[in-house]
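Asks: sequence first, predicted coordinates after that:
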Amino acid sequence: MMVSEKLYRKFQFGLSVLGLVISLYLTAYHYTSVVPLACPDTGIINCANVLNSPYAYLFGIPIAVFGMLFFVIEIYSLLRLGMDQRFLINSIGIGFVAYFIYLEYRIGNICIYCTAVHVIVTLLFALSLYEELRHK
């Protein structure tokens with residue numbers, strides 16, 4: 001049974017919105033003292049260590065800001081662009097996910113919010129790869 005194209009897009013859209021919300025939360029944590037970080041701070045899962053690490057910034061900008069940008073572009077691509085462009089966007093995204101996982105390894109801690117974003121980007125990549133291969 002083939003999943004309808006409309007349902008397929010809604011699932012991708014929902015994943016992208018969820019990723020955007022998580023990225024907004026992490027960006028708000030970086031830029032305000034009002035947003036608390038709801039995450040364990042002991043053991044291997046320690047969001048504070050990851051998010052306050054020097055690795056949490058790219059060109060002096062919190063990585064979460066780039067996450068927001070990625071998901072805004074992803075949402076735009078779902079609404080306005082073709083599958084080839086989405087596949088390219090998601091290929092870039094999965095490359096960054098691999099790099100960010102490596103950084104968490106270097107830090108020695110895992111951020112559960114970052115991991116949630118990594119899973120979302122991986123799913124979006126897998127879906128766009130499937131879509132790309134299905135239409136070839």
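Replies: Happy to help now that I have it. Residues are numbered from 1 along each chain as shown.
Asks: just checking, what packs against the host helix or strand of residue 11?
Replies: Using DSSP states H and E, residue 11 falls within helix 5-31. Contacts defined by 3 or more Cβ pairs under 8 Å, 6 or more residues apart in numbering; DSSP states H and E place helix 5-31 against helix 47-51, strand 61-62, helix 63-80, helix 112-134. (Glycine included, C-beta is placed from N, CA and C.)
Asks: let's go with 10 Å and repeat that
Replies: helix 47-51, strand 61-62, helix 63-80, helix 83-107, helix 112-134 (3 or more Cβ pairs under 10 Å, 6 or more residues apart in numbering; DSSP states H and E).
Asks: OK, contacts around the most centrally placed residue in the chain?
Replies: The chain has residue 117 as the residue nearest its centroid, 3.6 Å off, counting by Cα atoms, centre = their mean. Residue 117 makes contacts with 18-20, 22-23, 26, 63-64, 67, 70-71, 93, 97, 100, 111, as judged by Cβ atoms under 10 Å, 6 or more residues apart in numbering.
Asks: among those residues, which ones are buried?
Replies: For those, a burial check counting by 16 or more other Cβ atoms under 10 Å picks out 19-20, 22-23, 26, 63-64, 67, 70-71, 93, 97, 100, 111.
Asks: identify the residues contacting residue 102.
Replies: If you count contacts by Cβ under 10 Å, 6+ apart, then residue 102 has residue 55 around it.
Asks: and it, how far from residue 23?
Replies: Distance from residue 102 to residue 23, counting by Cβ to Cβ, to the nearest Å: 19 Å.
Asks: what does stretch 29-36 rub up against?
Replies: Contact with stretch 29-36 is made by 24-28, 37-39, 47-48, 51-52, 56-57, 61-65, 113, as judged by Cβ under 10 Å, 6+ apart.
Asks: quick check: phi and psi at residue 58.
Replies: Residue 58 adopts backbone torsions of phi -130, psi 120, taken as degrees, to the nearest 10.
Asks: that older thread, now the helices and strands packed on helix 5-31 in a markdown table, with distance to residue 13 and mean pLDDT?
Replies: A markdown table is the format used below for the helices and strands packed on helix 5-31 (distance: least, Cβ to Cβ, whole Å; pLDDT from 0 to 100):
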| stretch | distance to residue 13 | mean pLDDT |
| --- | --- | --- |
| helix 47-51 | 27 | 93 |
| strand 61-62 | 25 | 95 |
| helix 63-80 | 5 | 94 |
| helix 83-107 | 12 | 92 |
| helix 112-134 | 10 | 92 |
